[in-house]
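Chemist: Model the structure of this input:
(4 chains)
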Number of protein chains: 4
Amino acid sequence: MLAEFSVVPLGKGDSVSEYVAECMKIVDSSGVNYRMNPMGTVLEGDYDLVMALVRKCHMRVLEMSTRVITSVKIDDRKGPKATLDSKIKSVERIMGKELKK
Amino acid sequence: MLAEFSVVPLGKGDSVSEYVAECMKIVDSSGVNYRMNPMGTVLEGDYDLVMALVRKCHMRVLEMSTRVITSVKIDDRKGPKATLDSKIKSVERIMGKELKK
Amino acid sequence: MLAEFSVVPLGKGDSVSEYVAECMKIVDSSGVNYRMNPMGTVLEGDYDLVMALVRKCHMRVLEMSTRVITSVKIDDRKGPKATLDSKIKSVERIMGKELKK
Amino acid sequence: MLAEFSVVPLGKGDSVSEYVAECMKIVDSSGVNYRMNPMGTVLEGDYDLVMALVRKCHMRVLEMSTRVITSVKIDDRKGPKATLDSKIKSVERIMGKELKK
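Modeler: Okay, here's the model as predicted:
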């Protein structure tokens, strides 16, 4: 399945890059396939694998702050799984055009 | 902590009440404190308790369909925990007015 | 249509009730039908009416802070419109049971 | 500001690529800077410009179906604006490492 998530600390100033970097260290070293975008990170893998990674990031940012908002959106299906590339490719095929990623 | 979630099957027709009802059976019989609203359900409890309930609902709706979009927004903090009532009450106190819930 | 939204300032401390109260003043005095829940507020009305209200709240909180995260989830359909009560009632009818709201 | 959005029709089958392609035609021809990811599209621009584009996509997919769920997450700040690249670059700078995008 695919899941996009973001973890944001409240009350830690305007810039949250330092906290996002802590999450991205966890994600990047996990071996789970991912793509980072300006508003979140999309993970590819089984439900439990992906949600364990989200939990780790949430707990890490909560350690560093006092209040955390974590958002997760899961897109899961039976049978052949969507991958990080397949959903975008399928839209580009219909449009006959490459899109900005 | 508090977490709002919703589980939506794709490709199952316009009306998804039947699927929401399956989730609400799981939630309502779980013993976890909750409030349902027109766009989702807010759960109150520890991270692992709440996320196990979201997982159960996700898996139940995936059994009944072929593709599921599950959204979760978590609000977690250290120290005294927010409850289902305390956040709204604290806003009403500032406003000096009761709001529609 | 129905739309749930929340507006959160970053860097303004842990507690954001003061900012939520500013939004709820705007919502409560707008005449638009709404229900507040612990994680957001659900509005009922036409797309442009609802989105104008979300814009007002976003701009008000941005005036009071330097960075704002606003989330909106819209559920819109053709034909007979869902209301704040109809979606929950339809789930309760299937379950034959009243749920916590 | 930056805003990520997605538009999903209910009851139109498992695959929604056709509908996403309709949105991406609108986005790609709008002149507004964007990045598509597997779970949504991030737009860069002023509030009204960005939200007008989201409205167009929502209305287009509602024309083609009977029920639509549209999600928008806005990240807006005063002063120097974040761009599609600046947020990721700032995290990569802290980590001293390039991430997968």
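Chemist: where do the helices sit along chain A?
Modeler: Using DSSP state H, the helices of chain A run over residues A:17-28, A:47-64, A:86-95.
Chemist: Quick check: which of those has the most neighbours on average?
Modeler: Ranked by mean neighbour count under mean count of other CB atoms under 10 Å in any protein chain shown, these are led by helix A:17-28, which reaches a mean of 20. C-betas here are computed from N, CA, C, even on glycine.
Chemist: Compare the helices of chain A and give me the one nearest C:Tyr34.
Modeler: Closest to C:Tyr34 of the helices of chain A, according to CB to CB: helix A:47-64, at 29.6 Å.
Chemist: got a list of contacts for that closest one?
Modeler: Taking contacts as CB atoms under 8 Å, 6 or more residues apart in numbering or on different chains, the residues outside helix A:47-64 that touch it are A:1, A:3, A:5, A:7-9, A:12, A:19, A:22-23, A:26-27, A:30, A:32, A:43-45, A:68, A:70, A:72, A:74, A:76, B:47, B:51, B:55, B:58-59, B:74, B:76-78.
Chemist: Tell me what angle the longest strand along chain A forms with strand B:67-77.
Modeler: In chain A, with assignment by DSSP state E, the single longest strand is strand A:67-77. In terms of direction (axes from the mean of the first three to the mean of the last three CA atoms, to 10 degrees), strand A:67-77 departs from strand B:67-77 by 170 degrees.
Chemist: and strand A:67-77, what's its mean pLDDT?
Modeler: Within the predicted structure, the mean pLDDT of strand A:67-77 is 97.
Chemist: roughly how far apart are the residue nearest the centre of chain A and chain B?
Modeler: The structure's chain A has its C-alpha centroid closest to A:Thr41; by CA atoms, centre = their mean the separation is 2.7 Å. Distance check for A:Thr41 against chain B: by CB to the nearest CB, to the nearest Å, it reads 15 Å.
Chemist: likewise A:Ala21?
Modeler: 20 Å.
Chemist: was I right about A:Asp75 contacting D:Met39?
Modeler: Yes: the pair A:Asp75 and D:Met39 passes the contact test of CB atoms under 8 Å, sitting 6.5 Å apart.
Chemist: of those two, who's got more company?
Modeler: Taking neighbours as other CB atoms under 10 Å in any protein chain shown, A:Asp75 and D:Met39 compare with D:Met39 leading, 25 against 22.
Chemist: Just give the nearest non-adjacent residue to that one, would you?
Modeler: The spatially closest residue to D:Met39, leaving aside those adjacent along the chain, is A:Glu4, at 4.0 Å (CB to CB, 6 or more residues apart in numbering or on different chains).
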